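*Asks:* show me the folded form of this:
(one chain, ligands or ions: 1)
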Amino acid sequence: MGNARPPDKHPAFLVRTAAPFNGGPPPDLQIRNAITPTPLFFVRNHGAVPIIDPTAYRLHVGGRVARPLELTLDDLRALPQHTVVAALQCAGNRRQEMLRLGDIPGEVPWHLEAVGNAVWRGPALADLLWLAGAATDGGPEPGHVALTGLDEVKRRGAVFGFGGSIPLTKAWGPEVILALEMNGEPLPPAHGAPLRLVVPGVIGARSVKWLGEIVVQDEPSTNYFQAVAYRLQPPDAAGGEPGEMLGDVFVTAAICDPPDGARLPAGPVVVQGYALGGGGRAVSRVELSGDDGRTWTTASLLGESRPWAWQLWQGMLELPAGPRTLVARAFDAAGGGQPAAVAQTWNAKGYMNNAWHWVAVEIV
Ligand code: MTE
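*Replies:* From the prediction side, this is the model:
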């Protein structure tokens with residue numbers, strides 16, 4: 001299917017780049033369901049969607065393992081299947097707020113839509129590591145699991161599969177799934193068919209789609225998307241600074257409704273959005289302010305709050321006429337810790353904006 005718009009995406013999908021295809025749902029539709037329907041789940045591709053013949057497909061597992069594996073889709077289906085409800089959030093989510101403060105060339109201008117929450121099903125990565133004897137090879141303690149996709153991405157004159165790595169300690173977690181299914185259906189091509197990794201609690205970039213190879217190794221992946229991109233560079237980066245490698249998602253909350261610029265009647269205003277806990281922790285509280293953060297009120301958490309998944313919430317603010325700003329922030333078991341302003345977290349590539357979310361509205 002290459003760079004074409006995925007056929008199942010909602011007509012209201014916000015297309016951020018056409019080739020490769022990148023887009024996500026408008027904020028009001030995004031929070032309509034606790035489980036994001038696949039037509040509303042954002043897509044982040046760095047190259048064209050590869051065409052993979054399921055009968056010829058093989059997953060290779062190697063590196064510092066006692067028993068390298070080559071698995072067909074039937075082999076993978078024969079393993080115990082696990083289900084996890086998990087959010088995926090791109091490290092570039094909410095970059096638009098950062099773009100108001102300075103140019104971030106060549107990056108997708110995501111607003112709030114680069115996050116979704118789906119039901120993923122497939123074998124646990126831990127079961128594969130166990131089958132391959134990852135922990136019993138007698139060598140130096142291997143530290144990372146490198147993942148490479150079967151897509152072909154062009155960067156710096158080279159063509160290679162998108163990749164990255166996660167620490168081995170995370171890879172053994174029962175929540176890390178080799179997903180064959182998304183929301184009860186076979187994984188669609190745009191989301192990594194026939195197989196993708198899902199690493200809950202970690203930036204979306206590590207959930208490698210069209211997964212072709214898993215290598216257990218001492219060092220983090222040297223793939224461009226781990227060694228160069230998806231790193232936190234200083235605001236004055238002239239290029240060349242390695243910056244910090246990204247991993248865990250930061251605690252965050254976003255207001256999806258009302259939108260920026262809304263005109264609303266004075267009185268009670270219903271405010272709705274999503275929140276994520278740091279590192280995939282369950283969200284414990286979401287707070288709202290209608291007076292620039294001087295006073296706060298607690299929002300209601302909708303449904304069960306649990307690790308790995310996002311948390312939808314709804315609250316009410318009593319607002320008098322005039323220009324007002326709605327502010328949201330979230331807490332998890334490790335506390336809060338969101339920066340109040342975007343300027344406090346601005347970085348050269350526009351990653352990890354977890355500032356309090358400020359939405360300007362006009363109360364009439
Ligand atoms: N895997 C491959 N092979 N190629 C990619 O471009 N994009 C990554 C990740 N896995 C990507 C990939 C990024 S940055 C994100 S945020 C998630 O996939 C997005 O997953 P989705 O498109 O299913 O929403």
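*Asks:* my guess is residue 90 contacts residue 205. True?
*Replies:* Yes. Counting by Cβ atoms under 8 Å, residue 205 is a contact partner of residue 90 at 7.3 Å. Every residue, glycine included, has its C-beta placed from N, CA and C.
*Asks:* need phi/psi at the closest residue in space to residue 290 that isn't next to it in sequence.
*Replies:* Sequence neighbours aside, residue 317 is the residue nearest to residue 290 in space, at 3.9 Å (criterion: Cβ to Cβ, 6 or more residues apart in numbering). Backbone torsions for residue 317, taken as degrees, to the nearest 10, come to phi -120, psi 140.
*Asks:* so residue 317 bridges to which residues?
*Replies:* Beta bridges link residue 317 to residue 269 when assigned by DSSP bridges.
*Asks:* burial of it, as a residue count?
*Replies:* 20 (other Cβ atoms under 10 Å).
*Asks:* what sits against it?
*Replies:* By Cβ atoms under 8 Å, 6 or more residues apart in numbering, the residues touching residue 317 are 268-269, 271, 288-290, 297, 326.
*Asks:* any idea how far residue 325 is from it?
*Replies:* Distance from residue 317 to residue 325, counting by Cβ to Cβ, to the nearest Å: 11 Å.
*Asks:* kindly report the same for residue 85.
*Replies:* Residue 85 is 33 Å from residue 325, by Cβ to Cβ.
*Asks:* among those two, which residue is more densely surrounded?
*Replies:* Comparing residue 85 with residue 325 by other Cβ under 10 Å, the one with more neighbours is residue 85, at 18 against 14.
*Asks:* so what does the more buried one look like in phi/psi?
*Replies:* phi -90, psi 110.
*Asks:* next one: residue 38
*Replies:* Main-chain dihedrals, residue 38, degrees, to the nearest 10: phi -50, psi -40.
*Asks:* how close does it sit to residue 13?
*Replies:* 12 Å.
*Asks:* circling back to that earlier point, list just the nearest of the contacts of residue 317 to the ligand.
*Replies:* Closest approach between those and the ligand, by Cβ to the nearest ligand atom: residue 271, at 25.8 Å.
*Asks:* how about the closest one, what does it touch?
*Replies:* Contacts of residue 271 by Cβ under 8 Å, 6+ apart are 255, 257-258, 288, 299, 314-317, 326, 328.
*Asks:* swap in 6 Å and give it another go.
*Replies:* Residue 271 sits next to 255, 288, 315, 326 when contact means Cβ atoms under 6 Å, 6 or more residues apart in numbering.
*Asks:* could you pull out the strands in the stretch 201-350 of the chain for me?
*Replies:* Here the stretch 201-350 of the chain has its strands, by DSSP state E, counting those that start in this stretch, at 211-217, 231-232, 244-245, 252-257, 263-264, 267-276, 283-289, 297-298, 300-302, 311-319, 322-332.
*Asks:* so which of these is nearest the ligand?
*Replies:* Minimum separation from the ligand across the strands of the stretch 201-350 of the chain (Cβ to the nearest ligand atom) falls at strand 211-217, 7.4 Å.
*Asks:* quick one: contacts of the closest one?
*Replies:* Residues outside strand 211-217 that contact it (Cβ under 6 Å, 6+ apart) are 60-65, 134, 142, 144-148, 150, 195-197.
*Asks:* what are the phi and psi angles of the residue in the stretch 51-200 of the chain that the ligand sits nearest to?
*Replies:* As assessed by Cβ to the nearest ligand atom, the ligand sits closest to residue 149 within the stretch 51-200 of the chain, at 2.5 Å. Dihedral pair for residue 149: phi -90, psi 170, per degrees, to the nearest 10.
*Asks:* that one pairs with what?
*Replies:* For residue 149, the beta-bridge partners are residue 211 (DSSP bridges).
*Asks:* give me the number of residues near it?
*Replies:* Residues near residue 149, counting by other Cβ under 10 Å, number 26.
*Asks:* give me every residue that touches it.
*Replies:* Contacts here follow Cβ under 6 Å, 6+ apart; on that basis residue 149 touches 161-162, 208-210.
*Asks:* tell me what residue 185 is bridged to.
*Replies:* residue 182.
*Asks:* could you report the pLDDT at it?
*Replies:* Looking at residue 185, its pLDDT reads 98.
*Asks:* show me the contacts for residue 208.
*Replies:* 147, 149, 197.
*Asks:* residue 357: which of the residues you listed is nearest?
*Replies:* Taking Cβ to Cβ as the measure, residue 357 sits nearest to residue 197 out of the contacts of residue 208, at 28.9 Å.
*Asks:* doesn't the closest one fall inside a helix?
*Replies:* No. Going by DSSP: H, G, I helix; E, B strand; the rest coil, the assignment for residue 197 is strand, not a helix.
*Asks:* now it: how far from residue 204?
*Replies:* To residue 204, residue 197 is 11 Å away according to Cβ to Cβ.
*Asks:* likewise residue 310?
*Replies:* From residue 310 to residue 204 the distance is 13 Å (Cβ to Cβ).
*Asks:* kindly report the same for residue 124.
*Replies:* Distance, residue 124 to residue 204, by Cβ to Cβ: 19 Å.
*Asks:* repeat for residue 308
*Replies:* Using Cβ to Cβ, one gets 13 Å for the distance from residue 308 to residue 204.
*Asks:* for the most centrally placed residue in the chain, give the beta-bridge partners.
*Replies:* Against the mean C-alpha coordinate of the chain, by Cα atoms, centre = their mean, the closest residue is residue 89 at 1.9 Å. Counting by DSSP bridges, residue 89 is bridged to residue 115.
*Asks:* what's the pLDDT at residue 201?
*Replies:* Residue 201 is given a pLDDT of 98.
*Asks:* please verify my assumption that residue 276 contacts residue 310.
*Replies:* Yes. If you go by Cβ atoms under 6 Å, residue 276 and residue 310 touch, sitting 5.4 Å apart.
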